[in-house]
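Asker: Okay, here's the prediction I keep looking at, along with the sequence it came from:
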Amino acid sequence: MDGFYYEYIILPILIFLARIADQSVGTLRLILLARGMKFWVPFLGFFEVIIWLLAVGQIINDLTNWVAIIAYGAGFATGNLIGIMLDEKLSLGTVVVRIIPKFDTTNLIKHLSEQNFGVTVMDAEGVRGHVKIIMSIIKRKDLKLFIEIVNKHNPNAFYTIEDVKAVSEGVFRNSVRRKSIFSFNSRLSK
């Protein structure tokens, strides 16, 4: 009975947890790579592949254990979700927000500037005539506050948010620009 307990309960749970760990790390690794944070990618990849090998090795030992195979697939799916949630929680990187306000922009620009957000305003022509476009490059961790200010001072404004791979200079809320050997993005601007 002990062999059955290990093979159909303990082993699938371990495989499930290993897949969650390696897939979460893998998802985070790919997100960091897409954002230009190349320094951490090899380290995360190292741990990802070791955990993966341990999990897949257990599956290959017994391809008839359907409980372990289901645990492997469920761990993969759960690991993707957890990796995305980790990315959202860590809020790493920089985004560009483009706003096309519905109302007068004076209050919105004033409040964004008061919160030390760098703001660029452009005149543009839309389908319904003259519009303003407000553009700001901000740290992802400040995005929630930024959107709250937009919604408070210009409800129903149209906005888009996109990832920024690298930033050379700029006005960033409560930040001190530091040079580090780990900061590959700062080298891109030279």
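Answerer: Okay, I see it. Numbering: from 1, shown residues only.
Asker: I'd assumed Lys38 was in a strand, is it?
Answerer: No: Lys38: not assigned to a strand; according to DSSP: H, G, I helix; E, B strand; the rest coil it is coil.
Asker: Need the residues that contact the longest strand along the chain.
Answerer: With secondary structure taken from DSSP state E, the chain has its longest strand at strand 129-139. Here strand 129-139 makes contact (Cβ atoms under 8 Å, 6 or more residues apart in numbering) with 91, 93-101, 105, 108-109, 112, 117-125, 146, 164, 167, 170, 172-173, 175. In this view, the C-beta of every residue, glycine as well, is placed from N, C-alpha and C.
Asker: From those, which land in strands?
Answerer: Mapping those onto strands (DSSP E) picks out 94-100, 120-125, 164.
Asker: In the residues you listed, find the pair that's most separated.
Answerer: In the ones in strands among the contacts of strand 129-139, two members sit farther apart than any others by Cβ to Cβ. They are Thr94 and Glu125, at 28.5 Å.
Asker: Next one: Asn151 from Ile10, what distance?
Answerer: Noted for Asn151: a distance of 49 Å to Ile10, by Cβ to Cβ, to the nearest Å.
Asker: ok, Phe16 - contacts?
Answerer: 71-72, 74-75, 78.
Asker: Spell out which residues make up each domain of this protein.
Answerer: The chain breaks down by automatic domain parsing into domains covering 2-90, 94-188.
Asker: Please convert those domains to CSV, extending it with mean pLDDT.
Answerer: What follows is the domains of the chain, written out as CSV (pLDDT from 0 to 100):
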stretch, mean pLDDT
domain 2-90, 93
domain 94-188, 84
